[in-house]
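K.L.:
model the following, please.
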Amino acid sequence: MEGSILWHQLTHAQTNKASYGFRNIFKGVDTQELSAAAGSSSHSPALFEPAGHLSYSGTMTGQPVSRTTRFLRGVGFNLLGHFSSLFLVFFLTPFLIRRLSPESYALYTFFGLFVGYLFLLTFGAGTTAQKFTAEYQAAGRSEDLRQLLRYMWAMHTFGVVVGAALLAILSPWVVRHFMNVPEHLDSTARWIVVCAGLGAVFFSWAQFCSSVLRGLQRFGVSNLFAFLQTAVPLTGSAFFLKCGYGLEVVGVWLVAGQFLTAAMGGAALLFFVPEWRSGPALWPSREQRRALFRFGWFMFLTDLGWVFVFQLDKMCVTYFLPLAALTYYAVPFAVVTKLGFVPAAISNVLFSMFSELQGSGSEDKLKRLFVKTSKLTLLVILPFYVLLFVFAPQILTLWLGADFGQRSTWPLRWVVLGYLCGNWGNIAVILSGGLGKSDYGAKLMWSIAAVCGFLWVVLIPRWGIVGAAFAFFAAQALCTPFLVFHVSRRMARMPLREYLAQSNYGPFVAAGALLGMSFVLRPHATGWLSLITIGLFCGVFYLLLSYALLEKDEKESLIKELALR
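P.N.:
Okay, here's the model as predicted:
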C-alpha cells in the first residue's frame, strides 16, 4: 500500500451522512416493492422491509429494524470510518514524506504491499466469511454459523503463517531481486520485509473479525477497527519519527499496531457473537465446504487480480525505474483510492444485504433497484473525480510541494479516469457477487490484469510513471463495459442502452457542466482558501443541476423525505 495510507487501503478495500432522500430516490420503488424485487423465503428476508416487519437487527437487542434503516445506518458508519481515516492521512502524510527520504518512504510503502500479498493466502476467506455469516444468521442456522466461524478463522491463519515464514527466509533474495534498493538501505529493507510478514498474520486475524461483524451488519464496530488499523500505525509512525527513530523501530510499531487491533477484534467477536464463544465446533459438512470453497475460490481469483492491478504496478515501477519514482507514483494513486470510500460504503452494505437472499423475484423490481443504485453512486462520486482531475496541480503543490505538483499531476489524472471507469461498473460487480455469481468479478479483474500487465511492460520504460497510470486507465476503460453489459442483460434483464439512459444520463450531464465550470475557475485557485471556496461553489452548482435533472417523481420523493425530517 501507499506509505501512510497503506492500512487505510487494505482495510477499506475489503469494505456521511446518508442522504435523507436515499430511501425514496428510487423512482416508484417503495420498500415493499424492493422486497418483492429481491425475492424472499423463510430463510432469506427481503432486501428492504417496512418498519414493523421482522428482520435481523443484530445479536444483542433482537429488536426488529427495517432494512432501509439498516442500509442507511450501515452506509453512515462506513462513511464515518473512511472520513476519520482520511482526516489523519491528509494531515500526517506530508510529515512522513518530510521525515523520510524518497527511498525510505518507498520502503515504508513496501510494508503494506507485502501485507496485501500475504493476505491473498486466505484464499478469499474474508468475503466468504462476510457473505455466509449474513446468510446463516438470516436463516437462523446457528450451528452452521459456529462451524463457519471456526473454519474461516483457520483459513485466515494457516496460509498467511506459512507465507510469512517463507517471506522471512527469502527476504534477502526478495530485496535483492525485486525491490531495487540502494546498498545502504539493504539491511533496513530486509527488516521491513520480515516485519511485514509478521504484521500480515495479525492483519489477517483483524480482517477475519471485521468480515464477520460486517456479515452481521455491525458496521459501526467493523469500521471502528478499520479506522484503528489506519490510525494506530500511522500516528505511531509519526510519533517515532518525530522522536528521531528510524524505519527499523517504525516496522516494529506497525506489527504491534496490527496485534492490538486483532486483539480488540477478537474481544468484539466474544461480545457480539454468541456462536464464537460457545465452545469448539465441528468442521462444516462436505457439501458446505464445497460451497464455501467454490465461492471463496472465485473471490480469491478476484483478490489475486486486484493485487495484480492495484499493487503489482508498484513493483513494476521499482523494477523499471529508480526507487524514488515509486513515491511520486504511489502517493497520487493513493489519493484517488481514497475517493473510493463512497461507492465502497454503499456497496459494502448492499453486498451483505444481497447475501441474505436465496433467489430472485420480480425482474422488473430488481431492474429498478439496479438502475437507481447505480444512478445514486454516480451522482455521489462524479463531482469528487471531476474536481480532483481539474485541480490536481493545485492540490498536489499545496499539499506536498511543487515537486509533486510537477511530477505527479498526470499520473493522478489518468488514475482518476481509471477509477471512474471502475466505479461506473461497481454496482454490477456487487449485484453479481451478492447473488452468488462471484466468478463475474474474477473474470473482470483478470481481464483488467492482463491488459495492465501488457501495457506496464510496454509503457513504463517509455513513459515512466505516467505510462503506469495510463495503463491502469486503459485497462479499466476497455474491460468494465463488458461486465456492465453482461449483468444488465443477464441479471437485470435490460438492454445496455436502456440502463445507460436511465442511470447515466443525468449524472454525466451534471458532471460535464461541472467540468467546464471548474476549468474556467481553475486559474483563481492559488491557495487553500481560494481552492476550498471554488470547490464549495462548484459543489453547490453540481447539486442544483443534479436536482434539476432528476425525474419528477424522484424530486417529489426527495422533497417529501426532507420535509419529514
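K.L.:
for the rest of this, base every contact and every neighbour count on C-alpha atoms.
P.N.:
Fine.
K.L.:
low-confidence bits of the stretch 451-565 of the chain, can you list those?
P.N.:
In the prediction, the stretch 451-565 of the chain carries residues with pLDDT under 70 at positions 491-492, 557-558, 560-565.
K.L.:
and for the chain?
P.N.:
Residues of the chain meeting the criterion pLDDT under 70: 1-85, 275, 277-282, 340-366, 431, 433-438, 491-492, 557-558, 560-565.
K.L.:
ranges for the strands of it?
P.N.:
Counting by DSSP state E, the chain yields no residue ranges for strands.
K.L.:
excluding chain neighbours, give the residue nearest to residue 161 in space.
P.N.:
Using CA to CA, 6 or more residues apart in numbering and skipping the chain neighbours, the partner closest in space to residue 161 is residue 201 (6.1 Å).
K.L.:
wait, that neighbour touches residue 164, no?
P.N.:
Yes: counting by CA atoms under 8 Å, residue 201 does reach residue 164; the two are 7.5 Å apart.
K.L.:
ends of stretch 234-254, how far apart?
P.N.:
Taking CA to CA, to the nearest Å as the measure, stretch 234-254 stretches 8 Å from start to finish.
K.L.:
contacts for it next, please.
P.N.:
Residues lying outside stretch 234-254 but in contact with it, judged by CA atoms under 8 Å, 6 or more residues apart in numbering, are 4-5, 88-89, 92, 95-96, 99, 104, 108, 188, 191-192, 195-196, 199, 233.
K.L.:
pull out the buried residues from these.
P.N.:
For the contacts of stretch 234-254, burial is judged from neighbour counts taken by 16 or more other CA atoms under 10 Å, and it is met by 4-5, 88-89, 92, 96, 104, 108, 188, 191-192, 195-196, 199, 233.
K.L.:
looking at the residues you listed, which is nearest residue 404?
P.N.:
Using CA to CA, the shortest approach to residue 404 within the buried ones among the contacts of stretch 234-254 belongs to residue 96, at 14.4 Å.
K.L.:
give me the neighbour count for the nearest residue to the closest one once chain neighbours are set aside.
P.N.:
Nearest residue to residue 96, sequence neighbours excluded (CA to CA, 6+ apart): residue 238, at 6.5 Å. A total of 18 residues lie near residue 238 under the criterion other CA atoms under 10 Å.
K.L.:
what of residue 520?
P.N.:
For residue 520, which is what you asked about, the neighbour count (other CA under 10 Å) is 11.
K.L.:
repeat for the one 3 residues further on
P.N.:
Neighbourhood size, residue 523 [other CA under 10 Å]: 11.
K.L.:
what separates it from residue 539, distance-wise?
P.N.:
Using CA to CA, which is the criterion applied here, residue 523 is 17 Å from residue 539.
K.L.:
who touches stretch 182-198?
P.N.:
Counting by CA under 8 Å, 6+ apart, stretch 182-198 makes contact with 104, 107-108, 110-112, 114-115, 118, 163-165, 167-168, 171-172, 175, 181, 247-248, 251-252, 254-255, all of which sit outside it.
K.L.:
give me the buried entries from those residues.
P.N.:
The neighbour-count test (16+ other CA under 10 Å) marks 104, 107-108, 110-112, 114-115, 118, 163-164, 167-168, 171-172, 175, 181, 247, 251-252, 254-255 as buried among these.
K.L.:
out of these, which are inside helices?
P.N.:
Of those, the ones assigned to helices by DSSP state H are 104, 107-108, 110-112, 114-115, 118, 163-164, 167-168, 171-172, 175, 247, 251-252, 254-255.
K.L.:
so residue 474 makes contact with residue 418?
P.N.:
Yes: between residue 474 and residue 418 a contact is recorded at 7.1 Å, counting by CA under 8 Å.
K.L.:
between these two, which is the more surrounded one?
P.N.:
Neighbour totals were compared for residue 474 and residue 418, and residue 418 leads with 22 against 19 (other CA under 10 Å).
K.L.:
which non-adjacent residue is nearest the more buried one?
P.N.:
With CA to CA, 6+ apart, the residue lying closest to residue 418 is residue 473, at 3.7 Å.
K.L.:
and for residue 400?
P.N.:
Distances taken as CA to CA, 6+ apart place residue 94 nearest to residue 400, at 5.9 Å, with adjacent residues excluded.
K.L.:
the helices in the stretch 401-550 of the chain, which residues?
P.N.:
Counting by DSSP state H, counting those that start in this stretch, the segments of the stretch 401-550 of the chain that form helices are 402-407, 409-424, 426-434, 438-463, 465-490, 496-503, 505-521, 528-549.
K.L.:
of all those helices, which one is nearest residue 266?
P.N.:
Within the helices of the stretch 401-550 of the chain, the stretch nearest residue 266 is helix 426-434; the backing value is 26.0 Å (CA to CA).
K.L.:
and the contacts of stretch 463-478?
P.N.:
For stretch 463-478, contacts defined as CA under 8 Å, 6+ apart pick out 309, 313, 317, 321, 325, 328-329, 410-412, 414-415, 417-419, 421-422, 447-449, 451-452, 455-456, 459-460.
K.L.:
what distance separates that stretch from the centre of its chain?
P.N.:
Using CA atoms, centre = their mean, to the nearest Å, the mean C-alpha position of stretch 463-478 is found 20 Å from that of the whole chain.
K.L.:
please renumber so the chain begins at 747
P.N.:
All set: I'll call the first residue 747, so the last point we hit is now stretch 1209-1224.
K.L.:
surely residue 1135 meets residue 1161?
P.N.:
No: when contacts are counted by CA under 8 Å, residue 1135 is not listed as touching residue 1161 (9.3 Å).
K.L.:
the two: who's more crowded?
P.N.:
With other CA under 10 Å as the criterion, residue 1135 and residue 1161 differ in neighbour count, and residue 1161 comes out ahead with 27 against 23.
K.L.:
so who does the residue nearest to residue 907 touch?
P.N.:
By CA under 8 Å, 6+ apart, the contact set of residue 947 is 903, 906-907, 910.
K.L.:
possible to save these as CSV with distance to residue 1289?
P.N.:
Supplementary listing: the contacts of residue 947 in CSV, determined by distance: CA to CA, whole Å:
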residue, distance to residue 1289
903, 47
906, 46
907, 49
910, 49
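K.L.:
residue 1127: which of those is nearest?
P.N.:
residue 906 (34.6 Å).
K.L.:
neighbours of the closest one, how many?
P.N.:
Counted with other CA under 10 Å, residue 906 comes out at 27.
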